[in-house]
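Student: Need coordinates for the following:
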Amino acid sequence: MSTQTRIYLVTDTESGKKRLVRASNQPQAVRHAACNKFTVEVAGQDDLVSLVATGCPVEEAGADEQPEAQEAQQ
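Tutor: So this is what the prediction gives:
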C-alpha cells in the first residue's frame, strides 16, 4: 500500500522563495525544505550562557501551534 502524498507550497518567510515539495504532511514538507537551511545540536553550557546573556530567549517548540491546525495537517 502506498502512502498518500500531496504537493505542498513551502515559502521561505525571509526570502520569499517558493518551493514545491511532495510529502505526506505539512511537517514533513517543512522538514525537507529546512534540512538544507538549518543545523541542530544540543546546546552546550557555554552556548546557553552566552546566548541568554545577549537576550536570546529559549523558545518552546509547539507552544504556538493550535490543536485544530495540527489535526488539519494530518
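
Student: Go through stretch 20-30 and flag the buried ones.
Tutor: Residues of stretch 20-30 classed as buried by neighbour count (16 or more other C-beta atoms under 10 Å): Val21, Ala23, Asn25, Gln26, Ala29. To be clear about C-beta, it is placed using only N, CA and C from the backbone, and glycine gets the same treatment.

Student: What ranges does this protein have for its helices?
Tutor: 26-34, 45-53, 67-73 (DSSP state H).

Student: Switch these over to CSV; also include mean pLDDT and distance to Glu59.
Tutor: Below are those laid out as CSV (pLDDT from 0 to 100; distance: least, C-beta to C-beta, whole Å):
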stretch, mean pLDDT, distance to Glu59
helix 26-34, 95, 15
helix 45-53, 97, 11
helix 67-73, 52, 18
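
Student: which of those helices sits most buried?
Tutor: helix 26-34 (a mean of 15; mean count of other C-beta atoms under 10 Å).

Student: helices and strands around that helix, which ones?
Tutor: strand 6-11, strand 18-23 (3 or more C-beta pairs under 8 Å, 6 or more residues apart in numbering; DSSP states H and E).
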